[in-house]
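K.L.:
Pasting a predicted model and its sequence here:
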Amino acid sequence: MSNLLEIEHLKKYFKSARGTVHAVDDVNLTIEEGKTVGLVGESGCGKSTLGRTIVHLQESTDGVIRFAGKDVTHLDKKQMLEFRKNAQIIFQDPYSSLDPRQTVQDIIQEPLRLLTDMGKAEIEKKSEELMDLVGIEKRLRMSYPHELDGGRRQRVGIARALALNPKFIVCDEPVSSLDVSIQAQILNLLMDLQDQLGLTYLFITHDMSVVRHISDYICVMYLGQMIEKTDKKSLFDKPLHPYTKALLSAIPTVDIDAQPERIQLKGEINSPIDPKPGCRFAKRCPYAQHCCHEPVPLTEVEPGHFVACHRVKEINQL
Ligand code: SF4
């Protein structure tokens, strides 16, 4: 399979009264067609900013975004409309991302009306197919978002994202605001849709159990930077970065005897405003030493397993 998305040295900075916020700072990422890359990290680490920058909800500060082999970093209006058909986003909170004055049918049909030359009958037919595809009962087509439960609202958001037959979807915490029982239904729906339609996902979450369920490959982000990247099995069997180890130690296991000791992170979080060179995790890292003040590149430590840590070999006795 070829890479559908390739990101090189992507940066997204914001000016603030106190300085420049390095929300996404020199990120490289590739996603193979038909696969799911899980992007994890604490809230505020830049993962949603990265997702929104990739689909051009905001412009990048620097770097390159390639989609299906084409450079899509800077797009004019016409190119943007074409890109929108291929790259969509599903948001965390379907309640705030859906227009409360529109019915389910209007919401799903809107991209078809605005971005295609389909006629009325064709649009009606397509929206019915989309409702079937995501499991929304037809009787709900004239309902408003506030009349639906959270799971159905998210299904409407998914149907709208699928309306233009995209190849790629950024799923930005799509189950975080749902009850646990509904979370599994939506995750399974997204996985079924991927199989049926050959979709490629960037799946953003702070929940390691969710990322384990859905991803093929996992990237861990910390304060705007990638600090560990590898396939799912390697990440869960043998996490190498101290921050990833702490994230994984917080996942409850069914077998209490097999529960690893929880690693509590202490120390203050570095500021993303004009950060100093060196490891951004240093203030919280139990292994920090003088060398950690030097810039720390993401390096292939084992085949296909990339880590940004000066002391990764000593810590893991590799
Ligand atoms: Fe910890 Fe240093 Fe590695 Fe950063 S570079 S994770 S501070 S040991």
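P.N.:
Received the coordinates, thanks.

K.L.:
what's the pLDDT at the residue of the chain positioned farthest from its centre?
P.N.:
Within the chain, Ala121 marks the point farthest from the mean C-alpha position, 35.0 Å out by CA atoms, centre = their mean. If you check Ala121, the pLDDT there is 97.

K.L.:
and the closest residue to Ser143 other than its chain neighbours, backbone torsions?
P.N.:
In space, and not counting its chain neighbours, Ser143 is closest to Val104: 5.4 Å by CB to CB, 6 or more residues apart in numbering. Where you see a C-beta, it was placed from the backbone N, CA and C, and this is true even at glycine. Per-residue torsions, Val104: phi -50, psi -50 (degrees, to the nearest 10).

K.L.:
same deal with Leu10?
P.N.:
For Leu10, the backbone dihedrals (degrees, to the nearest 10) come out as phi -70, psi 130.

K.L.:
burial measure for it, as a count.
P.N.:
When neighbours are defined as other CB atoms under 10 Å, Leu10 has 21 of them.

K.L.:
Tell me who's in contact with the closest residue to it other than its chain neighbours.
P.N.:
Using CB to CB, 6+ apart and skipping residues adjacent in sequence, the residue nearest Leu10 is Gly63, 3.6 Å away. Neighbour list for Gly63: 7-11, 26-27, 73 [criterion: CB atoms under 8 Å, 6 or more residues apart in numbering].

K.L.:
Neighbouring strands - and their directions - for the helix or strand encompassing Gly63?
P.N.:
Remark: Gly63 resides in strand 62-67, with elements defined by DSSP states H and E. Taking DSSP bridges as the criterion, strand 62-67 forms sheet pairs with strand 3-16 (antiparallel), strand 70-71 (antiparallel).

K.L.:
Format the ones you listed as a markdown table; extra columns: distance to Lys283.
P.N.:
Shown next, in a markdown table, are the strands paired with strand 62-67 (distance: least, CB to CB, whole Å):
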| stretch | distance to Lys283 |
| --- | --- |
| strand 3-16 | 21 |
| strand 70-71 | 37 |
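
K.L.:
These: which one's closest to the ligand?
P.N.:
Checking those against the ligand by CB to the nearest ligand atom gives strand 3-16 as the closest, at 20.5 Å.

K.L.:
Okay, buried residues for the next helix or strand after the closest one please.
P.N.:
Past strand 3-16, further along toward the C-terminus, the next helix or strand under DSSP H and E is strand 19-32. Buried residues in strand 19-32, defined by neighbour count with 16 or more other CB atoms under 10 Å: 21-31.

K.L.:
Same question for stretch 306-318.
P.N.:
Residues of stretch 306-318 classed as buried: 306-312, 315-316 (neighbour count, 16+ other CB under 10 Å).

K.L.:
Repeat that for stretch 144-158.
P.N.:
144-145, 148, 150-158.

K.L.:
can you check stretch 33-41 too?
P.N.:
34-41.

K.L.:
Make TSV out of those and add secondary structure, pLDDT and distance to Ile227.
P.N.:
Shown next, in TSV, are those (DSSP: H, G, I helix; E, B strand; the rest coil; pLDDT from 0 to 100; distance: CB to CB, whole Å):
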residue	secondary structure	pLDDT	distance to Ile227
Gly34	coil	97	26
Lys35	coil	98	21
Thr36	strand	98	20
Val37	strand	98	15
Gly38	strand	98	14
Leu39	strand	98	12
Val40	strand	97	11
Gly41	coil	94	8
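
K.L.:
what about the helices in the stretch 51-200 of the chain?
P.N.:
77-86, 94-97, 104-115, 120-134, 150-162, 180-197 (DSSP state H, counting those that start in this stretch).

K.L.:
Need the winner for burial among those.
P.N.:
helix 150-162 (a mean of 23; mean count of other CB atoms under 10 Å).
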